[in-house]
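Colleague: Mind looking at a prediction? Sequence and model below.
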Amino acid sequence: MKSNSFAMGDTGIQRKLGTICIFGTGDFGRSLGLRLLQAGYGVVFGSRNPKDSSLLPKGTQVLSHAEAAQTSQVIFVAVHRENYDFLGQMAEGLAGKVLVDVSNNLKRNQYPESNAEYLSTLVPAASVVKAFNTVSAWALQSGGLDANRQVFVCGDQCEAKQMVVDIAHSLGLTALDKGSLRAAGEIEDYPLLLFPLWRLPMAIATGLTAAFFVYVLIQDVVYNAVVNGKDNSFRIMISLANKVFPTVSLIMLALCYLPGVIAAFLQLYNGTKYRRFPDWLDRWMLCRKQLGLVALALAFLHVLYTLLIPIRYYVRLRLNDWTISQVKQNKTETLDTTMAWRTDSYYSIGVLGFAFFVLLGITSLPSVSNAMNWREFRFVQSKLGHLTLLLCTAHTFLFGWDKFLRPYKWYIPPGYMLSLILPCIVLVLKLVLITPCVDRTVTRIRQGWERKPAGRVGVNGTTSSQPLML
Amino acid sequence: MKSNSFAMGDTGIQRKLGTICIFGTGDFGRSLGLRLLQAGYGVVFGSRNPKDSSLLPKGTQVLSHAEAAQTSQVIFVAVHRENYDFLGQMAEGLAGKVLVDVSNNLKRNQYPESNAEYLSTLVPAASVVKAFNTVSAWALQSGGLDANRQVFVCGDQCEAKQMVVDIAHSLGLTALDKGSLRAAGEIEDYPLLLFPLWRLPMAIATGLTAAFFVYVLIQDVVYNAVVNGKDNSFRIMISLANKVFPTVSLIMLALCYLPGVIAAFLQLYNGTKYRRFPDWLDRWMLCRKQLGLVALALAFLHVLYTLLIPIRYYVRLRLNDWTISQVKQNKTETLDTTMAWRTDSYYSIGVLGFAFFVLLGITSLPSVSNAMNWREFRFVQSKLGHLTLLLCTAHTFLFGWDKFLRPYKWYIPPGYMLSLILPCIVLVLKLVLITPCVDRTVTRIRQGWERKPAGRVGVNGTTSSQPLML
Amino acid sequence: MKSNSFAMGDTGIQRKLGTICIFGTGDFGRSLGLRLLQAGYGVVFGSRNPKDSSLLPKGTQVLSHAEAAQTSQVIFVAVHRENYDFLGQMAEGLAGKVLVDVSNNLKRNQYPESNAEYLSTLVPAASVVKAFNTVSAWALQSGGLDANRQVFVCGDQCEAKQMVVDIAHSLGLTALDKGSLRAAGEIEDYPLLLFPLWRLPMAIATGLTAAFFVYVLIQDVVYNAVVNGKDNSFRIMISLANKVFPTVSLIMLALCYLPGVIAAFLQLYNGTKYRRFPDWLDRWMLCRKQLGLVALALAFLHVLYTLLIPIRYYVRLRLNDWTISQVKQNKTETLDTTMAWRTDSYYSIGVLGFAFFVLLGITSLPSVSNAMNWREFRFVQSKLGHLTLLLCTAHTFLFGWDKFLRPYKWYIPPGYMLSLILPCIVLVLKLVLITPCVDRTVTRIRQGWERKPAGRVGVNGTTSSQPLML
């Protein structure tokens, strides 16, 4: 379907679909005009200097704003908000028109109200529709990448919105109705975002990775250089990476489930769900999905690095040395069944944990999670999630086995032992929460029961002593 | 965009968007009221006891039902269906209002008609819209997880629906129009489902896994303990798992394609497509996708377990022993080219089979399969699907090689040989179906041709001797 | 929800939802009639021979076209376009009706205008809606696979469309509004497509794979047979495959980013973005996503083949031989730190490159890329994409290490060296583009600046000397 949309200009069929007016002859206005022209619309530009039309696409007209407005029912306002004043002055001529606000701001919350709402107050007799601001001029022309095909539309008049949606469809774009003009602020902020929910998880992952890298570097490379006088710095590339990644991954998986149990205990303590969580907890809970996905990425790296072990030069050499030394000493190692059970269990539980982890990742894909109802989603993310955490924690414990109580090099414990602290806390707290009596109380609280009703609860955190859970 | 929706309460901008009335002061009513208040709406509760408003959010009003109804065009009915009677009694006061039915039932098909349709017969002069029942009270307040952001909306009046959609958007939810009020029953059943299509496949997978586990346990561990008096029970964790998973995976992949060929042969036998399939075949065909995905998960485990082999303690020990014994006997093994061809082919075909299997899994993601047309989907799921089955079957045959005719331990064949039966049946039947003459007949039948037209075909399975294919 | 939709016929509740008329008693008409009947509609067929109703579902009526038309507001036109003439003749009787055009063509662009638009000119007084053409008769009856549940709807009258959308929902299908009737041509072409954007990438992948396979076959197997007289043809299955796949994968990854840099240099050369790219470049840019995904699939195979290495019979044998020979010569190999650094870096960078590659693949899933804004999508696909290319190129360079300058067998360089040419070109060109001064010029050009404004730019490639970038 895509190729078709863009091949439209090649067919030679140029159907006239009515005329559309564009205020503003900047880059976006020109690109939009060209695209409309190719889709078969007539295009009239409104400009302060109708004489200067040097850059405009051939086949379009340029008139003064007032003249241009009379040619079309739909007017795209492709000028900056700072220059909206002239629209207020010609408000009469715009009465009954559909004004499409395509503007963007340079930063979030730049103005008290959205550009489209501001436009609506300037020209109250027109139907203002916010749309097309998420599409770049470059995308309108090249249509190359996928992300730009979605047009968010909002507005208070249904017919006006429908006209804009039809135009978007004509240009090969998908339109998504976001409701009334009040949504304009959100739509205007949208193109300015750069993974806002991923920042905290990425910062945590980067910080932890750096910290643990230094930690294991000291334990492995520096210790060896200082104590044994040997250089095994080559271990940085795989051995150390394969210590740091699983450590950070397990901690981040625990961080993903910790806010949930903290929230439950807070509700138990408060005896009500009608009290707002602290801000830090709210923010934390909002990025749980991202925390989990970063942890999954690190676990994926851990799996690859682990599976690479036997083809490493260093490992082959050591195994070879071991065999040769056994031949020379003329001894054969006998199978230690405990060792066989332990190592195989360790690997097997790790594989199962990783498989459940991947399943969690797949269910967090938007199209998969949208196909689930609330009950199913809770089942997967809560039940399977904690099972995954349990398996990964058990995997790490089996890895450590009896090394927990042995003396540590330089008295600092290995990184994986530190990584077990948070998961154990989460699992113990969760265990408390699922004991029948506690579980019953939490369920009642979440169904609206309160230990001691505290009068009407305030909606506004500043005026009420008990801020609400948002 | 999400963070934005939930940060709305923090901006301090509390715009009045008109008043909305909520009947019922239970948990859902209160949560909804709070959320509406935060989004900038005025909220009026209708209650039987307007005096008792202890738990209601500050800033809301509580009136009698009749008084509350007069304050708003849109009324959320947040009471149980059992208590709808009072709505019928005040039907006049509700004429022209938009009644939003948010109710859920405790089990499916509890009542002959849906709650919303029942409400519509009680208050015929109101516009009933079914919505918000898939959103939990907890989700309305915390907004944490993704699954709850989708609101299904249905109703017979377009404008009424639009108002409800706009409210959903204001609360940061996505609305999905499901058509007229007749869809209400389906929407009411939705939150009660827990992976209905996954139950049969999961039951089959669990049953087969358990059965084959016991089977290989007897063959490997029990046999060894009884006959050789050795304990190799540690093999359970990886070696046995890696025998059970691929076996069950291959059987389930065959089960995924078997109903399709059975259906084709049934149509050939009946000489028409206008005859209903037996119920068991219908149910089977509906869960083919789930069968395939469970098989893929097991194949994924098989791959991980296989790649782990060389880092296992037991394997390293045995390889070491082998080398040492060769040194001692002073002999070197020469390369057996047939063996090299066979093992490499076995691995290589397995890798290709797994890669196609993953491709099938990716194309079954909702967003990917929605982007394909019917022809493309058939190509992937049918052509590539049978190719995958062929490759995985060939992989298993190459694994067995010349062991098929050797004597078995205790006269029971290894599990993987049993797993080959179903795939071979499917492949042979498919081979018959794609021979030109059979293929032509099946195609004609599917285009509507009948071997012996049998008069008008009945729509109702009970009154007609020839039940229809549904 | 799915099972529910199809179980509808089993509930025994047959609600009458009004009558729907179907013109045409062919396979599609019959299947549709049956499904409508099961959903609770009354069905009346319009036929040229109302007497012959042998194949029609029991419970339906058959009348002449004119009589049938009077029974219903909505008429499905399930006849071939060639037979539309009678509709023009009875245009008066169809005035005000909703005509649903369900027709498909046998090939793309068969007629100058779409069937639905043609129907609209024949019966101008009716509201023509294009819908249901992407649903096959087989799918209507069996409802088995997912791809057929989506109904594209377009039409000029909003109410008429809404009626058709409601019918689609009643049948358990999802409806997607594609705008006005002008979209009909695109909707009619849709079922005829078979992965149009995948053809070029698949052809390139197949061609390159075949060429490189022959290349390494000569180098490895033929050379060995001719020069050493040894048969190592078994290496074909894994060793050669694992040389060909990464080679082709790297080339295709470079091919995915090459058109972007070529386009930027073309714009720099032209000094404007208002000049159309050559057709080959347009086509190339449109299938970049597909090029990348094929490259990812090959990289996935490369990873699996590599991880399989240590469990291969041939590899185990050779390692064993090596150990035995060392024992016999009574020498031990000492650790070569450079070698350890090099090989570990080589693996580690490969793992990181693959992980980023998988990330790119995940973000190209429709539901994931739709959830990103333009800025985020550009960040992922451009920044992370070039980083992935850089890592994979470095991985290949480290693999080669000092072998680049050694003499080659038969004077032909190994395949991986050839695969480095394109990636290096892309990376060098990209490096030029991101130098501050060049970057500034490109950014200005993309914002609409022109080095020498060349008058009004023509929209039509044939009449203007400067064709536009589409």
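Modeller: Happy to help now that I have it.
Colleague: so the residue of the stretch 51-200 of chain A found nearest chain B, which of the three states?
Modeller: Here the stretch 51-200 of chain A gets closest to chain B at one residue, residue A:179, 3.0 Å apart by CB to the nearest CB. (Glycine included, C-beta is placed from N, CA and C.) Residue A:179 falls in the coil class when you classify it by DSSP: H, G, I helix; E, B strand; the rest coil.
Colleague: In space, what's closest to it - neighbours in sequence excluded?
Modeller: For residue A:179, ignoring the flanking residues on the chain, the nearest one in space by CB to CB, 6 or more residues apart in numbering or on different chains is residue B:169 at 3.0 Å.
Colleague: now residue A:288
Modeller: Counting by CB to CB, 6+ apart, residue A:256 is the residue found nearest to residue A:288 once chain neighbours are left out, at 5.1 Å.
Colleague: how near is that neighbour to residue A:296?
Modeller: Separation of residue A:256 from residue A:296 (CB to CB, to the nearest Å): 10 Å.
Colleague: before we move on, what about residue A:150?
Modeller: Distance from residue A:150 to residue A:296, by CB to CB: 26 Å.
Colleague: just residue A:106 next, same as before
Modeller: Counting by CB to CB - residue A:106 and residue A:296 are separated by 35 Å.
Colleague: again, but for residue A:163
Modeller: Taken as CB to CB, the span from residue A:163 to residue A:296 is 44 Å.
Colleague: Residue A:343 too?
Modeller: 24 Å.
Colleague: Ok, residue A:328 next?
Modeller: Residue A:328 is 46 Å from residue A:296, where distance means CB to CB.
Colleague: Which positions in the stretch 51-200 of chain A make contact with chain B?
Modeller: Counting by CB under 8 Å from any CB of the partner chain, the stretch 51-200 of chain A comes close to chain B at A:109, A:154, A:158, A:177-180, A:182-183, A:186, A:189-190, A:193, A:196-197.
Colleague: Farthest pair within those?
Modeller: Farthest-apart pair in these is A:158 and A:197; separation 32.3 Å (CB to CB).
Colleague: ok, the two, which is more surrounded?
Modeller: Taking neighbours as other CB atoms under 10 Å in any protein chain shown, residue A:158 and residue A:197 compare with residue A:197 leading, 18 against 14.
Colleague: Help me confirm that that one comes into contact with residue A:286.
Modeller: Yes. Using CB atoms under 8 Å, residue A:197 is in contact with residue A:286, at 6.5 Å.
Colleague: Please list the outside residues in contact with the helix or strand that contains the residue nearest to residue A:179.
Modeller: Under the criterion of DSSP states H and E, residue B:169 resides in helix B:158-170. Contact with helix B:158-170 is made by A:154, A:158, A:177-180, A:182-183, B:17, B:20, B:36, B:39-41, B:73-74, B:98, B:100, B:127-129, B:131-132, B:151, B:153-155, B:174-175, B:177, C:162, as judged by CB atoms under 8 Å, 6 or more residues apart in numbering or on different chains.
Colleague: Which ones among these map onto strands?
Modeller: Within these, residues falling in strands by DSSP state E are A:154, A:177, B:20, B:74, B:98, B:100, B:127-129, B:151, B:153-155, B:174-175, B:177.
Colleague: Can you say which two of those residues are spatially most distant?
Modeller: Farthest pair in the ones in strands among the contacts of helix B:158-170 (CB to CB) is A:154 and B:128. Separation: 26.1 Å.
Colleague: Tell me what angle the helix holding residue B:169 forms with strand B:150-155.
Modeller: Angle of helix B:158-170 versus strand B:150-155, following axes from the mean of the first three to the mean of the last three CA atoms, to 10 degrees, is 170 degrees.
Colleague: how many other residues sit next to residue A:289?
Modeller: By other CB under 10 Å, the residues close to residue A:289 number 21.
Colleague: Let me know the pLDDT of residue A:183.
Modeller: Looking at residue A:183, its pLDDT is 82.
Colleague: quick one on the thing from earlier: for the helix holding residue B:169, buried residues please.
Modeller: Residues of helix B:158-170 classed as buried under the neighbour-count rule (16 or more other CB atoms under 10 Å in any protein chain shown) are B:160-170.
Colleague: ok, of these, which one's closest to residue C:379?
Modeller: Closest approach to residue C:379 among the buried residues of helix B:158-170 (CB to CB): residue B:169, at 27.6 Å.
Colleague: tell me the strands in the stretch 201-350 of chain A, going along the chain?
Modeller: In the stretch 201-350 of chain A, no segments count as strands under DSSP state E, counting those that start in this stretch.
Colleague: which bits of it sit near chain C?
Modeller: In this structure, the stretch 201-350 of chain A approaches chain C at residues A:231, A:233-235, A:237-238, A:241, A:297, A:300-301, A:304-305, A:307-308, A:310-314, A:316-317, A:320-321, A:323-324, A:327, judged by CB under 8 Å from any CB.
Colleague: ok so, going back, and the residue of the stretch 51-200 of chain A closest to chain B, what does it touch?
Modeller: For residue A:179, the contacting residues are A:154, B:165-166, B:168-170, by CB under 8 Å, 6+ apart.
Colleague: now with 7 Å?
Modeller: Taking CB atoms under 7 Å, 6 or more residues apart in numbering or on different chains, we find residue A:179 in contact with A:154, B:165-166, B:169-170.
Colleague: Check residue A:183 too.
Modeller: When contacts are counted by CB under 7 Å, 6+ apart, residue A:183 touches A:154, B:169.
Colleague: which stretches of chain A aren't confidently modelled?
Modeller: Along chain A, the parts satisfying pLDDT under 70 run over A:1-17, A:53-54, A:138-139, A:141-148, A:452-470.
Colleague: okay, now the domains of it?
Modeller: Following the assignment in automatic domain parsing, chain A carries domains at A:2-10+A:18-192, A:196-446.
Colleague: Could you single out the most deeply buried of the ones you listed?
Modeller: domain A:2-10+A:18-192 (a mean of 20; mean count of other CB atoms under 10 Å in any protein chain shown).
Colleague: Tell me the helices and strands packed up against whatever helix or strand residue A:88 lives in.
Modeller: Using DSSP H and E, residue A:88 sits within helix A:85-89. Judged by 3 or more CB pairs under 7 Å, 6 or more residues apart in numbering or on different chains; DSSP states H and E, helix A:85-89 is in contact with helix A:115-122.
Colleague: Could you export the helix it packs on as PDB, CA atoms only?
Modeller: Extracted C-alpha coordinates of helix A:115-122, given in PDB (Å, rounded to 0.1, in the frame of the first residue of the first chain):
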ATOM      1  CA  ASN A 115      -1.100  27.000  20.000                       C
ATOM      2  CA  ALA A 116      -4.300  25.500  18.600                       C
ATOM      3  CA  GLU A 117      -6.400  26.700  21.600                       C
ATOM      4  CA  TYR A 118      -4.800  30.100  21.300                       C
ATOM      5  CA  LEU A 119      -5.700  30.200  17.600                       C
ATOM      6  CA  SER A 120      -9.300  29.200  18.600                       C
ATOM      7  CA  THR A 121      -9.600  32.100  21.000                       C
ATOM      8  CA  LEU A 122      -8.200  34.500  18.200                       C
END
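Colleague: follow-up on the earlier one: between the ones in strands among the contacts of helix B:158-170, which is nearest residue A:396?
Modeller: Taking CB to CB as the measure, residue A:396 lies nearest residue B:174 of the ones in strands among the contacts of helix B:158-170, at 39.0 Å.
Colleague: Please give me every residue in contact with residue A:212.
Modeller: A:244, A:247-248, A:415.
Colleague: Go back to these and keep what's next to chain B.
Modeller: Here nothing survives when the contacts of residue A:212 are matched to chain B using CB under 7 Å from any CB of the partner chain.
Colleague: Could you dump those into JSON lines with distance to residue A:58 added?
Modeller: Below are the contacts of residue A:212 laid out as JSON lines (distance: CB to CB, whole Å):
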{"residue": "A:244", "distance to residue A:58": "60"}
{"residue": "A:247", "distance to residue A:58": "63"}
{"residue": "A:248", "distance to residue A:58": "58"}
{"residue": "A:415", "distance to residue A:58": "66"}
